[in-house]
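In: Structural data only, the sequence is not supplied:
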């Protein structure tokens, strides 16, 4: 199955208000293109603001990468697993807000992905053809994410 034919919910482990992307347009071995609408009823929206703070663009990028990883897992016949956002470098947004109603195009291109699960992606957010944000995003896709999610004290 092609990853772009799968519903977003099959590709990304996020649910409810934590799932921010609406659809995957294209997904292949090198990257993903997804779309998301910035909604006024967003979990982190403040009714007094004109949109979401621009720094939240990092999470849109991370969910694009999650969709890429989910598409890769499905193509191998494996379950979709959670991954981890390690950090960003050179996040630059050309505006202070992601305005409500904005239809974001999320592009994430794999720069490297090691056998150890560490990866780096060049990401962009676009409004039509106009780039509004860019960053290098570091991620970690461990073979067994439960080892990192469970509290060792329990």
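Out: Arrived safely. This structure is a prediction, so every number in the text was calculated from the model and none was measured.

In: can you pull the contacts of the closest residue to residue 145 other than its chain neighbours?
Out: Nearest residue to residue 145, sequence neighbours excluded (Cβ to Cβ, 6 or more residues apart in numbering): residue 82, at 4.8 Å. Glycine gets a C-beta too; all of them are placed from N, C-alpha and C. By Cβ atoms under 8 Å, 6 or more residues apart in numbering, the residues touching residue 82 are 13, 66, 145, 149.

In: what do you get for residue 56?
Out: Neighbours of residue 56 in contact, by Cβ under 8 Å, 6+ apart: 44, 98.

In: Check residue 18 too.
Out: Residue 18 sits next to residue 43 when contact means Cβ under 8 Å, 6+ apart.

In: Give me the residue ranges of the protein where confidence is low.
Out: Within the chain, the stretches with pLDDT under 70 are 1-6, 151-154.

In: hmm, 50 instead?
Out: Applying pLDDT under 50 to the chain flags the ranges 1-2.

In: Okay, strands next: where are they in it?
Out: Using DSSP state E, the strands assigned to the chain run over residues 23-28, 31-37, 51-53, 84-93, 97-99, 103-113, 118-127, 130-140.

In: That's all I had, so thanks and see you.
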